[in-house]
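A.B. asks: Need coordinates for the following:
(chains A and B)
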Amino acid sequence: MSHHQLDARRLLCPLPVIRTQNRVQTLEPGDTLEVICTDPGALYDIPAWCRMYGHEVTGTEQTHDELRITVRIGSGGG
Amino acid sequence: MTEPRKAVALISGGLDSMLAAKLIKNQGVHVEGINFFTGFCVEGHTHAIRASKQDKPKRNNALWSAEQVGIKLHIIDVIDEYKDIVINPKHGYGTHLNPCLDCKGFMVKKAREWMETNGFDFIITGEVVGQRPMSQRKDTMPVVARESGAFDRLLRPLCAKILPPTLPEREGWVDREKLLDFSGRNRKPQMALATEFGFEDYAQPAGGCCFLTDGNYTRRLGDLWEHRGDKRYELDDILLLKIGRHLRPRPHFKMIVAREEGETNFLQGYRRDFTHLFATSHSGPLVLIEGDVTDEDLLLAARLTARFGQGRSADQVTVEIHPRAGVSRALHVSPLPPNEIPESWYL
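C.D. replies: Here you go, the predicted structure:
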């Protein structure tokens, strides 16, 4: 199990989800992926995408200009 | 027990594709959604950028509608491949720069490739005969089926009963009697079906969901191509066309003027790539300049920048200029009076 980061800053909906989806396909169940983004739409979109595929959002952090969404990879693929 | 047949549904985020997917899922078919991101999608971007749109839900409607239907959604980036469709549409443009028929053919072709790669059996769309003047006519629907290579594996559940039976119907993978006969631009049947399915909230984009059907947007795109000397674009180009006021005071340069705080924040991310200006003596917008400019051009741009800020009525406004390459400086300028800004400068 390993931890990974994905820089999706400055990308607008739906690109943060597309990048997340593509990155998750390369990871193993149990790995975690921290997605750093600036589009507030990601706060809805990434958890919605995770629900569809059985991945778990384990944390979200929001600062003035950045969001960090951490996903634990399940076995549903991407 | 036999495995259920599998259908891939083109999900746009609008109501029709959502209904089509639900109709087929209700027949026991395994349905997964696919959505193609071209860069021209209306939803999301402007809502994410503009502070005045903050009351709108910040969500991707395709994801949201797939979740309502209870299917997985695959979002595919087709930005680069899609350029050829926008630049050289075989079937031409609609009212603006919308290559609707080529676009539909392209998306069904991509769905067909995905279907073949992933072992699915057929494709479904939310198309309705007579709903769109270019791509959803009875005479153009077969063109999409043929040119995409999907042929009779392309099923349009909302209007299937008024079209020839497709393979999934002939083979009994779906029951044709449970499909529909919608036609024309009347939305009432779709709304009634939405109620029946319990869909209470769904996207209803006015004028479609693609910027290429928007006259204001495509005028800017046409201007971009004309002044570049050829039809080409990158993702940042087409994103910037969505943001701010665009003015072309001289043939060799264009200004992008943020209209509000959200747009200013978004344009901040492009400062390193553009000569940019902003007032320091008064509140005002961030302005990007595209093109090579002389000192005389910069003076004009500074006066325009002053015009669009809080100092518009002041005698003098201080404007900082940050060239893309070179040393920053400040100019003290009088705002350009409105009667000296011809309407033709606005794109």
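A.B. asks: neighbours around residue B:13, how many?
C.D. replies: By the measure other CB atoms under 10 Å in any protein chain shown, the count of residues near residue B:13 is 25. Glycine gets a C-beta too; all of them are placed from N, C-alpha and C.
A.B. asks: hmm, the helix ranked longest in chain A touching chain B?
C.D. replies: The helix that spans the most residues within chain A, counting by DSSP state H, is helix A:42-53. Yes: for helix A:42-53, a contact with chain B is found by CB under 8 Å from any CB of the partner chain, at A:43, A:44, A:45, A:48, A:49, A:51, A:52, A:53.
A.B. asks: Could I get those in TSV, plus columns for pLDDT and neighbour count?
C.D. replies: As requested, the residues of helix A:42-53 next to chain B are exported to TSV (pLDDT from 0 to 100; neighbours: other CB atoms under 10 Å in any protein chain shown):
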residue	pLDDT	neighbour count
A:43	92	18
A:44	91	17
A:45	94	28
A:48	95	18
A:49	96	28
A:51	96	14
A:52	95	20
A:53	96	17
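A.B. asks: Quick check: of those residues, which lies closest to residue B:284?
C.D. replies: residue A:43 (30.4 Å; CB to CB).
A.B. asks: how near is that closest one to residue B:279?
C.D. replies: 33 Å (CB to CB, to the nearest Å).
A.B. asks: do residue B:332 as well
C.D. replies: Distance from residue B:332 to residue B:279, by CB to CB: 11 Å.
A.B. asks: now do residue B:335
C.D. replies: According to CB to CB, residue B:335 stands 9 Å off from residue B:279.
A.B. asks: just residue B:145 next, same as before
C.D. replies: For residue B:145, the distance to residue B:279 - CB to CB - is 56 Å.
A.B. asks: which stretches of chain A form strands?
C.D. replies: Here chain A has its strands, by DSSP state E, at A:3-8, A:32-37, A:56-62, A:67-72.
A.B. asks: between those strands, which one is nearest to residue B:190?
C.D. replies: Across the strands of chain A, closest to residue B:190 is strand A:56-62 (CB to CB), at 33.0 Å.
A.B. asks: Tell me where the stretch 151-300 of chain B is predicted with low confidence.
C.D. replies: For the stretch 151-300 of chain B, the stretches with pLDDT under 70 are B:204-208.
A.B. asks: If we use 80, what do you get?
C.D. replies: For the stretch 151-300 of chain B, the stretches with pLDDT under 80 are B:203-209.
A.B. asks: And the helices in it, which stretches?
C.D. replies: B:167-170, B:188-197, B:215-228, B:235-240, B:261-268, B:295-307 (DSSP state H, counting those that start in this stretch).
A.B. asks: so can I have TSV of these showing distance to chain A?
C.D. replies: Formatted as TSV, the helices of the stretch 151-300 of chain B follow (distance: least, CB to the nearest CB, whole Å):
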stretch	distance to chain A
helix B:167-170	24
helix B:188-197	19
helix B:215-228	16
helix B:235-240	7
helix B:261-268	8
helix B:295-307	24
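A.B. asks: Columns mean neighbour count on top of these, output as TSV?
C.D. replies: Listed next are the helices of the stretch 151-300 of chain B as TSV, based on neighbours: other CB atoms under 10 Å in any protein chain shown:
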stretch	mean neighbour count
helix B:167-170	19
helix B:188-197	15
helix B:215-228	16
helix B:235-240	18
helix B:261-268	19
helix B:295-307	20
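A.B. asks: check contacts around whichever residue of the stretch 151-300 of chain B sits closest to chain A.
C.D. replies: Relative to chain A, the nearest point of the stretch 151-300 of chain B is residue B:269 (5.1 Å; CB to the nearest CB). Neighbour list for residue B:269: residue A:10 [criterion: CB atoms under 8 Å, 6 or more residues apart in numbering or on different chains].
A.B. asks: wait, doesn't residue A:53 sit right on residue A:78?
C.D. replies: Yes: counting by CB atoms under 8 Å, residue A:53 touches residue A:78, with 5.9 Å between them.
A.B. asks: so what sits against both of these two?
C.D. replies: residue A:24.
A.B. asks: now the residue nearest to residue A:72 when sequence neighbours are not counted: how far from chain B?
C.D. replies: Leaving aside its sequence neighbours, residue A:72 sits nearest to residue A:56 (CB to CB, 6 or more residues apart in numbering or on different chains; 4.5 Å). Separation of residue A:56 from chain B (CB to the nearest CB, to the nearest Å): 16 Å.
A.B. asks: And residue B:332 and residue B:279? Which one has more around it.
C.D. replies: Legend: neighbour count by other CB under 10 Å for residue B:332 and residue B:279, higher for residue B:279 (27 against 12).
A.B. asks: Am I right that that one is in contact with residue B:304?
C.D. replies: No: counting by CB under 8 Å, residue B:279 does not reach residue B:304; the two are 11.0 Å apart.
A.B. asks: quick one: pLDDT of residue B:72?
C.D. replies: Looking at residue B:72, its pLDDT reads 97.
A.B. asks: ok, now which ones touch it?
C.D. replies: Contacts of residue B:72 by CB under 8 Å, 6+ apart are A:52, A:53, B:32, B:33, B:66.
A.B. asks: if you set the cut-off to 7 Å instead, what comes out?
C.D. replies: A:52, A:53, B:32, B:33 (CB atoms under 7 Å, 6 or more residues apart in numbering or on different chains).
A.B. asks: Cheers, nothing more for now.
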